[in-house]
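Engineer: show me how the following folds:
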Amino acid sequence: MSAIENFKSSFRVKASTVFACVLLMLLYRFMSGTLITGLAGFCCGLEYGNVFYHLFIKTGIPALILSSHSVSVFFDFCLFGLPVLLLLTQRNVFSVLFTAVAVIYFLLFNMVTAHFYHGFFAAIIISIPFWTKNERHFNLLWEGVRYYLLYVFASAALWKIFRGSVFYQEQLSNILKHQQLDMLLQQPLSYQASCVQYLIVHPEISHVVLIANVVVQLCFGVGFFTKKFDSLLFILACIFCAANYFVMGITSTELLVLNLTLLNWEKIEALLSNKMLLQQSS
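Structural biologist: Numbers count the residues shown, from 1 in each chain. Prediction:
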């Protein structure tokens, strides 16, 4: 197989995996009523809270989309349809269009909810490498997404260290009192509530949990120097997101789509090629 054919195969496998995950992400949001059709009719809570969002409102795009059911349906259709078209045609123009529509949705979601939620930004970032079918450019952008993932984790640890919050024993205990208040009031007898209550009452234990959190995040700094531990970082990211939800009640699973850049794609493509050869020979 030539180098060009190898890249085409690699592009197809990565695109199929990435956008299948993105479609699952969108499906979950659709089922929970948080896609654009679910936001239609609501006002923008961040209109005056951020200069960039204020300028975006001035363009008239949010009002056009949120005030029209047919336009919001069209945008949701584009969010689902463009990844499908990319997978069917392998034409990078559909990735460019998806990124543009996804950015608009990302801004609208944050504006309506009045919250700077970053999870869906992962879908935007990982769609960028598929803008091009030039092997060198694609690989550079793919590596860039990997470095962005490493930065997200490592910078979060450094932020806690430089602010000194990791050295304050009651930091996590105090955060949990506010972060998990609804869960403690609504489900006080649940196993999760019991664990949270224990961490609140025992700040010395919650401090150890916070330090472990920072250590895990710092581990991603190793990825800037070597790829030898990417498999371990993949597992750590999954564990971190699961623990973050259980302890803090923060859903960050959408960030895991960036984890795909930590996989050994040469092995995956080799396994798929061997499987195809076995099917052809049988």
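Engineer: could you pull up the contacting residues of Tyr105?
Structural biologist: Contacts for Tyr105 (CB atoms under 8 Å, 6 or more residues apart in numbering) come out as 35-36, 75, 79, 120. Glycine gets a C-beta too; all of them are placed from N, C-alpha and C.
Engineer: in the host helix or strand of Asp182, what's buried?
Structural biologist: Assigned by DSSP states H and E, Asp182 belongs to helix 181-186. Neighbour-count burial for helix 181-186 flags Leu184 (criterion: 16 or more other CB atoms under 10 Å).
Engineer: neighbour-wise, which one of the contacts of Tyr105 leads?
Structural biologist: In terms of neighbour count, Ile36 stands highest of the contacts of Tyr105 at 25 neighbours, by other CB atoms under 10 Å.
Engineer: can I assume that residue is in contact with Met111?
Structural biologist: No. Here Ile36 does not reach Met111: they are 11.7 Å apart, not a contact under CB atoms under 8 Å.
Engineer: isn't Gln171 right up against Ser165?
Structural biologist: Yes. Gln171 sits in contact with Ser165 when judged by CB under 8 Å, with a separation of 5.0 Å.
Engineer: between those two, who's got more neighbours?
Structural biologist: Taking neighbours as other CB under 10 Å, Gln171 and Ser165 compare with Gln171 leading, 18 against 14.
Engineer: need the helices for the stretch 151-282 of the chain, in chain order.
Structural biologist: 171-179, 181-186, 191-201, 203-219, 230-248, 265-281 (DSSP state H, counting those that start in this stretch).
Engineer: of all these, which one is nearest Phe153?
Structural biologist: helix 203-219 (4.6 Å; CB to CB).
Engineer: tell me which residues in that closest one are buried?
Structural biologist: Buried residues in helix 203-219 (16+ other CB under 10 Å): 203, 206-207, 210, 213-214, 216-219.
Engineer: for Gly221, give me its contacts.
Structural biologist: Here Gly221 is in contact with 150, 154, 157 (criterion: CB under 8 Å, 6+ apart).
Engineer: which pLDDT value goes with the second one?
Structural biologist: Ala154 carries a pLDDT score of 95 in this model.
Engineer: all further residue positions should be reported with the first residue as 54.
Structural biologist: Sure, I'll start counting at 54 from here, so that last one is Ala207.
Engineer: my guess is Glu188 meets Phe60, correct?
Structural biologist: Yes. The pair Glu188 / Phe60 is scored as a contact, 4.4 Å apart, by CB under 8 Å.
Engineer: and for stretch 64-83, what are the contacting residues?
Structural biologist: 88, 91, 129, 132-133, 136-137, 139-140, 143, 148, 173, 176, 179-180, 183, 186, 191, 195, 307, 310, 313, 318, 321-322, 325.
Engineer: next, the buried residues of that stretch.
Structural biologist: 64, 67-68, 71-72, 74-76, 78-79, 82-83.
Engineer: turn those into JSON lines, columns for pLDDT and secondary structure.
Structural biologist: Output for the buried residues of stretch 64-83, formatted as JSON lines (pLDDT from 0 to 100; DSSP: H, G, I helix; E, B strand; the rest coil):
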{"residue": "Phe64", "pLDDT": "89", "secondary structure": "helix"}
{"residue": "Lys67", "pLDDT": "92", "secondary structure": "helix"}
{"residue": "Ala68", "pLDDT": "93", "secondary structure": "helix"}
{"residue": "Val71", "pLDDT": "95", "secondary structure": "helix"}
{"residue": "Phe72", "pLDDT": "95", "secondary structure": "helix"}
{"residue": "Cys74", "pLDDT": "94", "secondary structure": "helix"}
{"residue": "Val75", "pLDDT": "95", "secondary structure": "helix"}
{"residue": "Leu76", "pLDDT": "95", "secondary structure": "helix"}
{"residue": "Met78", "pLDDT": "93", "secondary structure": "helix"}
{"residue": "Leu79", "pLDDT": "94", "secondary structure": "helix"}
{"residue": "Arg82", "pLDDT": "91", "secondary structure": "helix"}
{"residue": "Phe83", "pLDDT": "91", "secondary structure": "helix"}
